[in-house]
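Engineer: Structural data only, the sequence is not supplied:
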């Protein structure tokens, strides 16, 4: 999986909210090695080889997103050992401009998990850049490189904090806005978002299909604290929303919590937005209002 914060692969600076670069640090076959064993393998950030595992060259895989953005992955291409030796010999020579590679993709990247092991080729397009993946028509890699992919579906697979908001599906029923700067984390069977000064805890619950959403929320909040800074109820068609917010003591300091509920027949989502700055209340209310029930 990609494991590098989005930044410019050339200078390391932040990119715009439209275009990102994502790096797979290691070929997937090397992940079975311990970290010291990986560090002991031959190579550098662009060329790698390990006896009994294979030879690999890092290549760029640009992916077009809806809305006009681009996500540029760097993934590893498994190549024959003689091809790796040749690439190493000419990597910083003028002959590098004519480098051509052929092999199989050595990383599984969501949402294209089946690309691991898929055939692909690579060529040098710019002398100061690593090779770009290319593919023949009719192949999976050709589709990945040439089709346009849903922005939210692709970006929501990246777990680290992104500099742009993304629509995040958390179950087959629920989705919401994952704010810029929030990392996606999982604990057991639950998902939460977290970043500096802000955290969103999510708890999807099932309810009897014949239970009115208003009754479900009333029962869930029956024992909630009465001392509150404010509360809201919003109803649209069969979707009922209720939220209240209050300060609370946490980690020896005052934190601010918004408890939000969104209920439809048969399902309810409880979220808790925790924020350091009380001025972030509009942010918490936006997250609550962004929750949307979707059909599986």
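Structural biologist: Structure received. None of these values were measured; they are calculated from a predicted model. Residues are numbered from 1 along each chain as shown.
Engineer: and the lowest-mean-pLDDT helix or strand in the chain, which strands flank it?
Structural biologist: One helix or strand of the chain scores below all others by mean pLDDT, DSSP states H and E: strand 19-23, with a mean of 81. Applying DSSP bridges to the sheet, strand 19-23 is found paired with strand 70-79 (parallel).
Engineer: ok and the very next helix or strand once past the strand it pairs with relative to strand 70-79, angle-wise?
Structural biologist: Counting by DSSP states H and E, the next helix or strand C-terminal to strand 70-79 is helix 81-90. Relative orientation of helix 81-90 versus strand 70-79 (axes from the mean of the first three to the mean of the last three C-alpha atoms, to 10 degrees): 120 degrees.
Engineer: where does the helix or strand following helix 81-90 sit relative to the chain's centre, distance-wise?
Structural biologist: Next helix or strand after helix 81-90 toward the C-terminus (DSSP H and E): strand 100-105. Using C-alpha atoms, centre = their mean, to the nearest Å, the mean C-alpha position of strand 100-105 is found 26 Å from that of the whole chain.
Engineer: Next, the angle from strand 100-105 to strand 70-79.
Structural biologist: Using the same axes, to 10 degrees, strand 100-105 lies at 90 degrees relative to strand 70-79.
Engineer: Against which helices or strands is strand 100-105 packed?
Structural biologist: Judged by 3 or more C-beta pairs under 8 Å, 6 or more residues apart in numbering; DSSP states H and E, the packing partners of strand 100-105 are strand 54-65, strand 70-79, helix 81-90, strand 119-123. The C-beta positions use only the backbone N, C-alpha and C, and glycine is treated the same way.
Engineer: Given it, what are its sheet partners and their directions?
Structural biologist: strand 70-79 (antiparallel), strand 119-123 (antiparallel).
Engineer: For the first one, buried residues please.
Structural biologist: Meaning strand 70-79. 71-79 (16 or more other C-beta atoms under 10 Å).
Engineer: for the residues you listed, which one is nearest residue 275?
Structural biologist: residue 71 (29.1 Å; C-beta to C-beta).
Engineer: Quick one: name whatever helix or strand follows the least confident helix or strand of the chain.
Structural biologist: Trace forward from strand 19-23 with DSSP H and E and the next one is helix 35-39.
Engineer: low-confidence ranges in the protein?
Structural biologist: Residue ranges of the chain with pLDDT under 70: 1-19, 295-296.
Engineer: How are the helices of it distributed by residue range?
Structural biologist: Per DSSP state H, the chain carries helices over the ranges 35-39, 81-90, 140-146, 151-155, 213-220, 281-290.
Engineer: what does the fourth one contact?
Structural biologist: By C-beta atoms under 8 Å, 6 or more residues apart in numbering, the list of residues contacting helix 151-155 from outside reads 20, 63, 65-67, 69, 71, 111, 162, 164, 166-169.
Engineer: possible to save the strands paired with strand 100-105 as a markdown table with distance to residue 250?
Structural biologist: Below are these laid out as a markdown table (distance: least, C-beta to C-beta, whole Å):
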| stretch | distance to residue 250 |
| --- | --- |
| strand 70-79 | 36 |
| strand 119-123 | 49 |
